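J.: Okay, predicted coordinates and the sequence, questions at the end:
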Amino acid sequence: MNSAKKNAAAAAAVLGAVIIAGATVTPALASHGAGGTGSRGGTSKHVLLLSVDGMHQKDLDWYVKNHPGSAIASLVHHGTSYTNAQTPVPSDSFPGMVGQLTGGNPKTTGVYYDDTFNRALLPAGTTNCATAVPGAEVAFTEAADANPLALDAGQGLGGLPASIMAMTGHPETLLNPAALPVDPATCKPVYPHEYLKVNTVFEVAKAAGLTTAWSDKHAAYEILNGPSGKGIDDLFTPEINSATPAHFAGADWTTDNAATQQYDGYKVQAVLNEIHGKDHSGTKVAAVPAVFGMNFQSVSTAQKLPTSDGLAGGYLADGATPGPLLSKALDYINASVGSMEAALKATGNSKDTTVILSAKHGQSPMNPAALTRVPDSAIIAGLNAAWKAASPASAADLVAFSTDDDIMQLWLSDHSQAAAQFAKDYLLHHAAAGNDISGAAKTVQSSGLGTVYAGSESAKYFGTTTADARYPDVLGIAQTGVVFTGGHSKIAEHGGASADDRNVPLVVSGAGRAQVQQVSAQVETTQIAPTILAALGLDPTQLQAVQLEGTQVLPQR
């Protein structure tokens with residue numbers, strides 16, 4: 001777990017084009033005009049992007065095989081499936097979603113996780129910027145909300161959760177400035193959209209005179225507005241890590257899968273309202289967005305929770321078949337997709353809508369026997385103690401900040417190659433105590449890590465330079481099945497570089513795709529961004545990350 005953050009039926013025919021993420025969708029989507037001209041040479045008037053977080057390509061294959069008449073199967077049977085799609089590393093929600101909507105990886109977007117450290121910014125709350133020492137946590141999580149415990153992030157709505165659809169479509173107003181890092185040049189808080197280094201699909205669409213909307217899990221997802229801060233007309237972000245009603249067993253909406261499904265239901269309703277020509281609340285008339293969508297969390301929590309609602313979470317012993325809780329969550333996703341398809345058909349939007357169903361990340365491990373839960377706090381405490389013993393003149397802990405899920409990222413108080421190498425050597429020679437799926441004690445070598453990159457090695461891994469103030473000084477790639485978490489509350493996590501973390505489904509369906517196709521070539525989820533613009537007849541090269549990385553539209557064959 002992150003040592004510095006809270007852990008806190010079947011439907012009608014396929015409508016539009018659907019992209020199931022974890023891959024890059026680059027269909028040859030007709031000719032496209034310049035993004036700022038409003039030229040519409042593409043196949044679609046609308047693109048609906050749906051991210052089923054945690055979903056693997058294997059899950060899609062299993063569901064379609066066992067539910068051939070389902071809404072999800074209909075998408076596959078009327079579109080192109082990319083069976084070797086990969087998310088960025090780290091395979092976290094923030095870089096995953098940002099990548100899909102910018103076309104860039106962390107080296108380009110500057111987004112390495114949702115909770116990171118920046119060596120150039122000043123700590124949150126800094127007012128005397130002339131004397132403050134650079135180095136700050138950048139927490140774009142529930143911690144940035146005005147009220148992290150409230151479903152409306154602190155807006156103050158009465159009658160929650162029933163009133164949540166009345167939440168503002170501008171959640172940047174619900175962020176707490178005192179919880180944001182500070183720019184030393186301006187001595188002002190840095191909002192998420194200001195932190196992003198490149199523009200987004202939403203900004204390109206807006207420049208073309210199109211309407212945009214999105215729904216996600218934290219107010220900090222206003223980062224998707226892009227550097228202009230104005231990319232999304234209607235952004236609905238109920239806080240997933242807020243307190244749940246008393247009748248749920250969990251502490252927040254992620255710790256009880258029934259609660260997660262209810263939470264996802266609010267965002268589903270927002271999309272349905274938008275399809276019907278309303279804003280997310282359903283109370284105001286609005287154009288059906290050219291680019292819109294949401295992310296689902298129900299599959300992710302069903303993969304992580306050992307049990308919930310009387311059902312076992314995760315996968316069966318074969319490491320491939322969804323268990324009862326996960327199977328139920330996949331049925332929920334299918335029903336939600338079906339309701340959207342039915343709404344598109346009822347409103348006459350099915351033939352000109354590209355639906356994108358994606359995953360920000362997968363989840364690891366799928367095989368329960370591979371699980372080893374390792375408390376990261378003990379590893380970091382040991383590293384700090386070893387550093388102080390070797391450097392008696394230094395009073396500071398070596399680790400200034402860490403983010404550890406099934407990846408380990410360390411930002412050090414000493415930003416030297418020697419210090420990073422010290423950390424690497426310690427981690428690779430440290431045996432860590434943990435426990436397996438049954439809770440039995442288990443010891444792993446090398447701190448549970450397979451590979452460790454130190455200093456310039458870490459920068460090279462990400463494709464950036466040592467002048468980058470954002471990349472981690474130390475990057476540890478976890479051994480298969482290792483999850484850095486205390487206790488027994490999780491059986492899977494994401495963030496790492498394994499196939500279970502990164503191999504997500506990607507399907508592009510509808511909008512002239514009457515014939516099923518399958519592409520086995522490796523693609524990346526970052527390719528979703530230029531594919532969206534091409535579908536709308538806009539110029540993908542108007543995305544800065546596309547220019548910098550050469551990100552391609554997804555191929556049809």
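T.: That came through, no problem.
J.: how about the CA coordinates for stretch 150-158, as CSV?
T.: Presented in CSV, the C-alpha positions along stretch 150-158 are these (Å, rounded to 0.1, in the frame of the first residue of the first chain):
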residue,chain,number,x,y,z
ALA,A,150,-18.0,13.7,2.3
LEU,A,151,-19.3,12.1,-0.9
ASP,A,152,-19.6,15.6,-2.4
ALA,A,153,-16.0,16.3,-1.4
GLY,A,154,-17.2,19.1,0.9
GLN,A,155,-19.7,21.0,-1.2
GLY,A,156,-22.2,20.8,1.7
LEU,A,157,-25.2,19.1,0.0
GLY,A,158,-27.9,18.0,2.3
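J.: what's the spacing between it and its chain's center?
T.: 23 Å (C-alpha atoms, centre = their mean, to the nearest Å).
J.: Likewise for stretch 368-375?
T.: 23 Å.
J.: next one: stretch 448-468
T.: 22 Å.
J.: partner residues bridging the closest residue to Pro472 other than its chain neighbours?
T.: In space, and not counting its chain neighbours, Pro472 is closest to Gln409: 3.8 Å by C-beta to C-beta, 6 or more residues apart in numbering. All C-beta spots, glycine's among them, are computed from the backbone N, C-alpha and C. With DSSP bridges as the criterion, Gln409 is bridged to Thr403, Leu475.
J.: contacting residues around Gln409?
T.: Counting by C-beta atoms under 8 Å, 6 or more residues apart in numbering, Gln409 touches 90, 112-113, 116, 402-403, 472, 474-476.
J.: pLDDT at the most centrally placed residue in the chain, what is it?
T.: The structure's the chain has its C-alpha centroid closest to Ser93; by C-alpha atoms, centre = their mean the separation is 1.8 Å. The confidence metric pLDDT takes the value 97 at Ser93.
J.: go on, Ser394?
T.: On the pLDDT scale, Ser394 gets 75.
J.: how about it, what does it touch?
T.: So Ser394 contacts 387-388, 414 (C-beta under 8 Å, 6+ apart).
J.: Now do the longest helix anywhere in the chain: distance to the chain's middle.
T.: In the chain, taking DSSP state H as the definition, the longest helix is helix 324-346. The chain centroid and the centroid of helix 324-346 are separated by 20 Å under C-alpha atoms, centre = their mean.
J.: and what of stretch 105-114?
T.: Relative to where its chain is centred, stretch 105-114 has its mean C-alpha point 12 Å off (C-alpha atoms, centre = their mean).
J.: can you list the residues that contact it?
T.: With C-beta under 8 Å, 6+ apart, stretch 105-114 has contacts from 5, 88-90, 92-95, 98-99, 102, 139-141, 195-198, 218, 220, 223, 403, 409, 462-464, 468, 470-472, 495, 526, 544-545, 548-549.
J.: Go again with 6 Å.
T.: Residues outside stretch 105-114 that contact it (C-beta atoms under 6 Å, 6 or more residues apart in numbering): 88, 90, 92, 94-95, 98, 102, 140-141, 197-198, 403, 462-464, 470, 545, 548-549.
J.: Could you pull up the residues touching the closest residue in space to Ser242 that isn't next to it in sequence?
T.: Leaving aside its sequence neighbours, Ser242 sits nearest to Leu151 (C-beta to C-beta, 6+ apart; 4.7 Å). By C-beta under 6 Å, 6+ apart, the contact set of Leu151 is 160-161, 164, 238-239, 242.
J.: how much space is there between Leu151 and Ala166?
T.: Counting by C-beta to C-beta, to the nearest Å, the gap from Leu151 to Ala166 is 11 Å.
J.: among the contacts of Leu151, who's most crowded?
T.: Glu239 (29 neighbours; other C-beta atoms under 10 Å).
J.: what ranges do the helices span in the stretch 451-557 of the chain?
T.: Secondary structure of the stretch 451-557 of the chain by DSSP state H, counting those that start in this stretch: the helices cover 456-462, 499-502, 528-535, 544-549.
J.: can you redo those helices as TSV with distance to Leu75?
T.: Formatted as TSV, those follow (distance: least, C-beta to C-beta, whole Å):
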stretch	distance to Leu75
helix 456-462	33
helix 499-502	21
helix 528-535	15
helix 544-549	26
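J.: what's the most buried one of these?
T.: The highest mean neighbour count among the helices of the stretch 451-557 of the chain, using mean count of other C-beta atoms under 10 Å, belongs to helix 528-535: a mean of 30.
J.: which stretches of the stretch 251-400 of the chain form strands?
T.: 291-296, 307-308, 311-312, 353-358, 372-374, 399-404 (DSSP state E, counting those that start in this stretch).
J.: CA-only coordinates of the longest helix of the chain in PDB, if you can.
T.: In PDB, the C-alpha atoms belonging to helix 324-346 read as follows (Å, rounded to 0.1, in the frame of the first residue of the first chain):
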ATOM      1  CA  PRO A 324     -18.400 -15.300  -7.000                       C
ATOM      2  CA  LEU A 325     -17.900 -11.600  -6.000                       C
ATOM      3  CA  LEU A 326     -15.900 -10.700  -9.100                       C
ATOM      4  CA  SER A 327     -18.400 -12.600 -11.400                       C
ATOM      5  CA  LYS A 328     -21.200 -10.600  -9.800                       C
ATOM      6  CA  ALA A 329     -19.200  -7.300 -10.300                       C
ATOM      7  CA  LEU A 330     -18.700  -8.200 -14.000                       C
ATOM      8  CA  ASP A 331     -22.400  -8.800 -14.400                       C
ATOM      9  CA  TYR A 332     -23.000  -5.300 -12.900                       C
ATOM     10  CA  ILE A 333     -20.700  -3.800 -15.500                       C
ATOM     11  CA  ASN A 334     -22.500  -5.600 -18.200                       C
ATOM     12  CA  ALA A 335     -25.900  -4.400 -17.100                       C
ATOM     13  CA  SER A 336     -24.500  -0.800 -16.900                       C
ATOM     14  CA  VAL A 337     -23.100  -1.000 -20.400                       C
ATOM     15  CA  GLY A 338     -26.400  -2.400 -21.600                       C
ATOM     16  CA  SER A 339     -28.300   0.500 -20.100                       C
ATOM     17  CA  MET A 340     -26.000   2.900 -21.900                       C
ATOM     18  CA  GLU A 341     -26.400   1.100 -25.200                       C
ATOM     19  CA  ALA A 342     -30.200   1.100 -24.800                       C
ATOM     20  CA  ALA A 343     -30.200   4.800 -24.100                       C
ATOM     21  CA  LEU A 344     -28.100   5.500 -27.100                       C
ATOM     22  CA  LYS A 345     -30.500   3.600 -29.300                       C
ATOM     23  CA  ALA A 346     -33.600   5.200 -27.700                       C
END
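J.: Let me see the contact set for Ser446.
T.: Counted by C-beta under 6 Å, 6+ apart, Ser446 has contacts Leu428.
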